[in-house]
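> Mind folding the following:
(2 chains)
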Amino acid sequence: MTEQYLEGGFADPPRAAAHAFRAALQALSRPGRIETLSGATPPAPCSPAAGALLLTLCDGTTPVHLGPSHDTEALRGWITFHTGAPLVSAETAAFALGTWEALQPIHRFAIGTAEYPDRAATLIVEMPALSATGARLTGPGIETEARLCLPETAAFQQNRARFPLGFDCFFTSGDRVAGLPRSTRVEEV
Amino acid sequence: MWNLAPRRRNRGNDMTASDYNFAYLDEQTKRMIRRAILKGVAIPGYQVPFASREMPMPYGWGTGGVQVSAACLTPEDTLKVIDQGADDTTNAVSIRKFFEKTAGVAVTEKTAEATIIQTRHRIPETSLTEGQILVYQVPIPEPLRFLEPSEVETRKMHALQDYGLMHVKLYEDISRHGEIATAYAYPVKVEGRYVMDPSPIPKFDNPKLESAALQLFGAGREQRIYAVPPHTKVVSLDFEDYPFDPSKAPHPCALCGAEDTYLDEVITDDQGGRMFVCSDTDYCAGRREDAA
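Sure, this is the predicted structure:
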């Protein structure tokens, strides 16, 4: 283990995790809303926002999958040291981290079962940038409509079609995060 | 031998915030609850199982709500706690003090000033806003439980969207009483999918379930968390010829004169004297202040 694994966690874990969770909760309960998520400095290529999500939500009980874009020695060591989460293949992951391309094919991830739809994966999708433009979002958490730059729309339409099954997404870029739960309807504009 | 000498005198009395982790719960527990809350938000109305912890209060006193609040609180939050609409009842006061001590958060009795409101069996009369979270204490989260005692069966019924039994129950109300006699914990359908128990709020409050605020529900003993995100469609179950009626006592409030609030009946003497007053104490006090 090298020293860089040990750095970059929350300075004050209870309070930093509380702030990070509230940002994640606001993002997921108001799809399209972009929130600030900071406090973590994970090794590249992981963004601070994605790092804060991992520190806030993952531990020894949540298997994590790293897409090829993020499957580096440094990040594996950092996640293992700070969260204790086992690193696994896509099929058994509770959380997955990577760029949208790196997480393909998307159908590998758990979508829950009819009786336990909550047993589904949460994808943390790293984006080059986040903006409230692009695809039109409607559904729970959205008063009229919202916009969010998504990597594509077809996959999210398919995901909505099998509601209440499906995966849920956080999109991260730098210290910013947006949420897209399975309940959101996505339309190409 | 065990060292039985007390490590510090008056341990029970001089505990301060620094003796507890922030908001009482340990971080591993908070992560588990936070994951359940996020899945609840993603599947509105679905009851997410969670590993409810023993809290320093008995089941039935809001342990589910307290755990959800503890997982959501940040040091900057302002907390309001109500019990049947009142800020000054035992349950509300002790939960408010609990978080003042363990999380060091500011507290208020004013609905508009609160960022997190934990409630037992009421939705505040003042409309909630975007920045607020309403946390419900839930005794029995399963709306079908009194119709079907088996969890295996009710889980299957939710999976298959088999809610006929609930409509039969409402129909039997009509055939027996001439109207739907369910007055509280009135079942709702969330976003056209899951039938949900809104906790034992009066059916008067059901229209307020469609809100700009995020609503989270915690059932400690039954180990379930569920959610209604802002602006989610929430429909009270009814029939075309017996539409949902959010009725209330046909009186104005005896203190503030409001005619559009949910009222408590208060017995004032042993001669049969009684009065009807707003159940939401903050709303009632605010109206009286404005009038004065």
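> List the beta-bridge partners for residue B:267.
In this entry, residue B:267 is beta-bridged to residue B:274, by DSSP bridges.
> gap between it and chain A?
As judged by CB to the nearest CB, to the nearest Å, residue B:267 and chain A stand 42 Å apart. Just so you know, the C-beta spots here come from the backbone N, C-alpha and C atoms, and that holds for glycine as well.
> Same check on residue B:184?
25 Å.
> Identify the residues contacting that residue.
B:121, B:200-203 (CB atoms under 8 Å, 6 or more residues apart in numbering or on different chains).
> Bridged to it, which residues?
residue B:202.
> Need the per-residue pLDDT for it.
Residue B:184 carries a pLDDT score of 94 in this model.
> Going by distance to residue B:215, which of the contacts of residue B:184 wins?
Among the contacts of residue B:184, residue B:201 lies closest to residue B:215 (CB to CB), at 10.7 Å.
> Does that closest one touch residue B:120 like I think?
No: contact criterion CB atoms under 8 Å: residue B:201 and residue B:120 do not qualify, at 9.3 Å.
> Show me whatever sits in contact with both of the two.
residue B:136.
> what about the longest helix in the chain?
All of this is about chain A. Longest helix in chain A, counting residues (DSSP state H): helix A:13-29.
> try again with chain B
Per DSSP H, chain B has its longest helix at helix B:27-42.
> what's the pLDDT at residue B:1?
With respect to pLDDT, residue B:1 has a value of 43.
> now swap in the one 5 residues further on and tell me
The predicted structure scores residue B:6 at 45 on the pLDDT scale.
> quick one: what helix or strand has residue B:80 in it?
Per DSSP states H and E: residue B:80 is located in strand B:78-83.
> which residues are contacting that strand?
B:69, B:73, B:87, B:89-93, B:95-96, B:99-100, B:105-111, B:113-122, B:124, B:280-282.
> pLDDT weak spots in chain A?
Scanning chain A for pLDDT under 70 picks out A:1-3.
> What parts of it come near chain B?
Applying CB under 8 Å from any CB of the partner chain, one finds that chain A approaches chain B through A:13-15, A:17-19, A:21-22, A:24-26, A:28-30, A:56-59, A:61-62, A:114-118, A:120, A:122, A:139-143, A:163-164, A:168, A:181-183.
> just the buried members of the residues you listed?
Buried members of the residues of chain A next to chain B, scored by 16 or more other CB atoms under 10 Å in any protein chain shown, are A:13-15, A:17-19, A:21-22, A:24-26, A:28-30, A:56-59, A:62, A:117-118, A:120, A:122, A:139-142, A:163-164, A:168, A:181-183.
> quick one: contacts for the residue in the stretch 51-200 of chain B positioned nearest to chain A?
Taking CB to the nearest CB, chain A has its nearest neighbour within the stretch 51-200 of chain B at residue B:159, 3.9 Å off. Shown in contact with residue B:159 (CB under 8 Å, 6+ apart): A:114-115.
> Residue A:77 against residue A:8, yeah?
No: the pair residue A:77 / residue A:8 is not scored as a contact, 10.9 Å apart, by CB under 8 Å.
> what about the helices in the chain?
Picked chain A for this. Under DSSP H, chain A gives helices at A:13-29, A:48-57, A:73-83, A:154-161.
> um, chain B though
So, for chain B - with DSSP H - the helices run B:27-42, B:63-72, B:90-102, B:151-159, B:164-177, B:281-291.
> Which neighbouring elements make contact with the third one?
Going back to what we said before, that points to helix B:90-102. helix B:63-72, strand B:78-83, strand B:106-107, strand B:116-120 (3 or more CB pairs under 8 Å, 6 or more residues apart in numbering or on different chains; DSSP states H and E).
> Which one of those lies nearest to residue B:287?
Across the helices and strands packed on helix B:90-102, closest to residue B:287 is strand B:78-83 (CB to CB), at 16.5 Å.
> List the buried residues of that closest one.
B:79-83.
> From residue B:49, how far out is residue A:186?
29 Å (CB to CB, to the nearest Å).
> neighbour-wise, which of those two wins?
A direct count of neighbours by other CB atoms under 10 Å in any protein chain shown for residue A:186 and residue B:49 places residue A:186 higher, at 23 against 15.
> Not counting sequence-adjacent ones, nearest residue to the more buried one?
residue A:156 (4.2 Å; CB to CB, 6 or more residues apart in numbering or on different chains).
> Check the burial of that neighbour by counting its neighbours.
Neighbour tally, residue A:156, other CB under 10 Å: 24.
> Distance check, it against chain B.
Taking CB to the nearest CB, one finds residue A:156 at 13 Å from chain B.
> where does chain B dip in pLDDT?
B:1-18.
> one step back: please identify the deepest-packed of the helices and strands packed on helix B:90-102.
helix B:63-72 (a mean of 27; mean count of other CB atoms under 10 Å in any protein chain shown).
> Please enumerate the strands of the stretch 101-250 of chain B.
B:106-107, B:116-120, B:133-137, B:188-190, B:194-196, B:214-219, B:224-228, B:234-236 (DSSP state E, counting those that start in this stretch).
> Up against chain A, what does the stretch 101-250 of chain B have?
B:155-156, B:158-160, B:191, B:193-194, B:212, B:214, B:227-233.
> I'd say residue B:246 and residue B:203 touch.
Yes: judged on CB under 8 Å, residue B:246 makes contact with residue B:203 at a distance of 5.5 Å.
> Give me the more crowded residue out of those two.
Taking other CB under 10 Å, residue B:246 and residue B:203 do not tie; residue B:203 has more neighbours (22 against 14).
> what about residue B:110, neighbour count?
15.
> so what's it up against?
B:80, B:282, B:286.
> Can you list phi and psi of residue B:255 for me?
Phi and psi for residue B:255, reported as degrees, to the nearest 10, are phi -100, psi -50.
> what sits against residue 85?
I'll assume chain A. Residue A:85 neighbours (CB under 8 Å, 6+ apart): A:54, A:58-60, A:62-64, A:79, A:95.
> wrong one, I was asking about chain B
B:122, B:124, B:262, B:264, B:278-281.
> Tell me how far the nearest residue to it once chain neighbours are set aside lies from chain A.
Leaving aside its sequence neighbours, residue B:85 sits nearest to residue B:279 (CB to CB, 6+ apart; 3.5 Å). Residue B:279 sits at a distance of 28 Å from chain A (criterion: CB to the nearest CB).
> and if you look at residue B:223?
Where chain A is concerned, residue B:223 sits at a distance of 13 Å (CB to the nearest CB).
> That residue touches residue B:50, doesn't it?
Yes: under the criterion of CB under 8 Å, residue B:223 makes contact with residue B:50 at 5.8 Å.
> Which one's more surrounded, the two?
The residue with more neighbours, out of residue B:223 and residue B:50, is residue B:50; 26 against 18, by other CB under 10 Å.
> quick one: that one from residue B:191, how far?
21 Å.
> Residue A:143 too?
Taken as CB to CB, the span from residue A:143 to residue B:191 is 14 Å.
> wait, which of the buried residues of strand B:78-83 is closest to residue B:139?
The closest of those, once distances to residue B:139 are taken by CB to CB, is residue B:83, at 13.1 Å.
> Tell me the bridge partners for that closest one.
Beta-bridge pairing for residue B:83 (DSSP bridges): residue B:86, residue B:120.
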